[in-house]
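Student: I would like the atomic coordinates for the input below:
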Amino acid sequence: MTQISEFGAWAEDYVAQYLIAKDYHILGQNYKKPWGEVDIIAEKEGIIIFVEVKANKEEIRGFEPENRVNLDKLKNINRAVQTYLASKNYPPDQKHQIDIISLTLNRDREVVKIKHFKNIDV
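Tutor: Reported below is the predicted structural model:
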C-alpha cells in the first residue's frame, strides 16, 4: 500500500468512526466500479448516504480538501450510487444522498477540522 493510499484508508476509517458516533449505520466501504467509487455507504433514518472523504495533511488556505470534489467527480460518484442501489434491489423511490466529509490535520497529524456537507446536488 502506498503512503497516499494508507493516508486515504486512515481518513476513511476515521470518518466511518465519526459517522458511527453520530448514529449512522455503516453499510459498506470502498464500493468501486470502473466509472466511479464511493468511499463510505451509510444509512440513517431510512436514508442511504454515500460519502466522499477528502483529507489534507495540513491546513492550507484556499486548498481545503472538499474543493477537490468537482462536478466530474460528483457525476462519477452518482453513477456508482445508481449502480449500487440497483444491485441491492432498492426500490426506485429509495431516499438517498451524497455527502462530502473533509478532514484537515495539523502537522502532528491530529484532526483539527472536520466538515460535513450533506445532500450535495449533482
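Student: need the nearest residue in space to the spatially most central residue of the chain, chain neighbours excluded.
Tutor: Taking CA atoms, centre = their mean as the criterion, E52 is the residue nearest the geometric centre of the chain, at 2.1 Å. Spatial nearest neighbour of E52, chain neighbours left out: I100 (4.9 Å); criterion: CB to CB, 6 or more residues apart in numbering. Glycine gets a C-beta too; all of them are placed from N, C-alpha and C.
Student: tell me the buried residues in the longest helix belonging to the chain?
Tutor: Identified as the longest helix of the chain according to DSSP state H is helix 3-21. Within helix 3-21, the residues that qualify as buried are F7, G8, A11, E12, Y14, V15, A16, Y18, L19, counting by 16 or more other CB atoms under 10 Å.
Student: how about these in TSV, adding distance to R79 and pLDDT?
Tutor: Putting these into TSV (distance: CB to CB, whole Å; pLDDT from 0 to 100) gives the following:
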residue	distance to R79	pLDDT
F7	26	86
G8	21	88
A11	23	94
E12	20	95
Y14	26	95
V15	22	97
A16	23	98
Y18	26	98
L19	23	98
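Student: now do the strands in this protein.
Tutor: Assigned by DSSP state E, the strands in the chain fall at 25-33, 36-44, 47-56, 96-105, 111-117.
Student: now stretch 73-80, how far from the chain's geometric center?
Tutor: Computed by CA atoms, centre = their mean, to the nearest Å, the chain-centroid distance of stretch 73-80 equals 12 Å.
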